[in-house]
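1. Here is a sequence together with a model predicted from it:
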Amino acid sequence: MNKLILKPGREKSLKRRHPWIFSGAVAKLHGEPGAGDTVEVRSAFGDFLALAAYSPRSQIVARVWTWEERAIDGAFFRERVALAVEERLAYLYEDVTDAVRLVHGESDGLPGVIADRYGDTVVLQLASAGAERWRDAIADAVLEASGASRVWERSDADVRELEGLPVKTGPLRGSREPTRIALNENALTFQVDLEHGHKTGFYLDQRENRRCVRELAAGRDVLDGFCYTGGFALNAMKGGARSVLAVDSSSAALALARGHAERNGLSGVEWIEGDVFQLLRKHRDEGRRFDMVVLDPPKFAPTVAHAAKAARAYKDINLLAFKLLRPGGLLVTFSCSGGVPADLFQKIIAGSALDADVDARIIERLGPGTDHPIALNFPEGDYLKGLVCRVAG
Ligand code: SAH
């Protein structure tokens with residue numbers, strides 16, 4: 001068996017069951033494992049710690065599959081995937097949605113594996129050398145556990161580059177058509193574009209937060225920054241917003257968003273293709289005001305190394321948003337940056353309010369839904385955080 005021997009003291013994070021091994025922690029490699037092959041991880045004193053997938057090109061040189069001495073094979077993936085899928089079934093999402101995250105990477109004990117179910121299709125994203133090595137076993141396991149009829153691959157996340165993996169997309173099991181699937185969530189219907197949609201096609205992690213916006217939107221003039229295919233904007237409209245202005249820089253996303261408005265019979269959203277930073281400034285200067293601003297920007301800080309630059313960007317948009325709010329207005333603001341912890345995000349928002357010279361309080365904290373569990377030993381999984389702040393008045 002191939003072996004990774006750690007430097008003295010570097011077993012500590014593994015003993016706390018953190019599943020990543022950084023290249024700097026490794027003293028010696030025995031054997032010649034290929035990318036994705038299983039290696040035994042041992043401490044400097046020779047104690048067995050874990051079995052992990054080797055990734056020679058990445059700074060995260062290995063990701064743990066198991067803390068036990070057991071075989072890593074098709075049966076292992078069937079077992080892990082089945083556990084994750086069963087848990088999702090137990091939550092009974094049927095009344096709420098027909099789209100659910102089945103496998104959530106490290107937090108389901110499957111580093112680099114994301115599986116989202118949209119109706120009869122599972123979209124699979126493999127983002128680590130180990131996941132890539134076991135593609136077939138994982139695809140079969142997902143198909144079997146979910147009872148879906150096809151698996152579509154969307155292995156085109158940026159992180160694959162860090163792992164030295166090429167982009168792979170398209171049908172993995174079952175037919176190529178259709179490439180667009182209907183998704184029904186809380187009595188709204190959306191189309192998921194399997195080929196070109198972001199991530200696996202839809203932001204399932206915001207499901208409960210879209211609901212929250214719906215519940216708070218009645219009678220308000222709403223601005224939805226970074227609206228993508230209209231998730232928050234249409235929920236605001238459905239919740240009785242007086243008006244909704246929705247902005248995104250992607251024309252493809254806006255084309256879908258307009259279609260969604262029509263399909264759901266929700267007119268009255270003004271869709272704008274543009275840059276949120278500029279648009280917020282423009283409205284500040286022109287004196288246009290809102291009663292609710294939703295900001296759900298892309299990841300400004302994928303890792304801690306980007307945190308300072310990201311903090312400036314979050315500060316900038318949130319400061320402008322506070323300035324656009326009428327008294328009693330709500331800011332619903334998110335960060336999906338793994339590199340920005342919740343306490344830092346809250347400090348940034350506090351700084352934004354201070355500099356905007358508004359008095360605001362947090363009335364709700366938001367996070368991902370129950371189908372996006374966060375393993376306690378894996379803080380990196382705690383990427384999505386949101387705050388609902390109410391401006392005094
Ligand atoms: N709120 C959405 C998801 C937002 S994803 C939902 O729940 O479905 C982030 C979006 O920001 C993407 O659609 C991307 O096209 C857009 N975007 C990125 N940078 C932008 C910018 N500077 N101005 C406007 N939109 C931007």
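-> Thanks, I have it. Numbers count the residues shown, from 1 in each chain.

2. only C-alpha atoms for contact and neighbour calcs from this point on.
-> OK.

3. Let's verify the residue of the stretch 51-200 of the chain found nearest the ligand: helix, strand, or coil?
-> Proximity of the stretch 51-200 of the chain to the ligand (Cα to the nearest ligand atom) peaks at residue 198, 7.6 Å away. Under DSSP: H, G, I helix; E, B strand; the rest coil, residue 198 falls in the coil class.

4. What is the burial count for it?
-> 17 (other Cα atoms under 10 Å).

5. Distance of it relative to residue 94?
-> Distance, residue 198 to residue 94, by Cα to Cα, to the nearest Å: 24 Å.

6. The helix or strand where residue 328 lies near the ligand anywhere?
-> According to DSSP states H and E, residue 328 maps onto strand 325-335. No. Applying Cα under 6 Å from any ligand atom, one finds strand 325-335 separated from the ligand by no less than 9.1 Å.

7. in the next helix or strand after that strand, what's buried?
-> Counting by DSSP H and E, the element after strand 325-335 in chain order, helix or strand, is helix 342-356. For helix 342-356, the neighbour count (16 or more other Cα atoms under 10 Å) marks 342, 345, 346, 348, 349, 350, 352, 353, 356 as buried.

8. Show the pLDDT at the closest residue to the second one other than its chain neighbours.
-> In space, not counting the residues next to it along the chain, residue 345 is nearest to residue 335; the distance is 7.4 Å by Cα to Cα, 6 or more residues apart in numbering. Confidence per residue is given as pLDDT, and for residue 335 that number is 97.

9. Look up the residues forming beta bridges with residue 335.
-> residue 385 (DSSP bridges).

10. Isn't it up against residue 368?
-> No. Look at residue 335 against residue 368 with Cα atoms under 8 Å: they stay out of range, at 11.3 Å.

11. Identify the contacts common to the two.
-> 384, 385 (Cα atoms under 8 Å, 6 or more residues apart in numbering).

12. So if I had to pick from those two, which one is more boxed in?
-> residue 335 (25 against 20).

13. So what's the residue count around residue 361?
-> Residues near residue 361, counting by other Cα under 10 Å, number 16.

14. contact partners of stretch 177-185?
-> 96-99, 118-119, 189-195, 207.

15. for the lowest-mean-pLDDT helix or strand in the chain, which positions count as buried?
-> Ranked by mean pLDDT, DSSP states H and E, the helix or strand of the chain with the weakest confidence is helix 159-162, at a mean of 83. Neighbour-count burial for helix 159-162 flags 159, 160 (criterion: 16+ other Cα under 10 Å).
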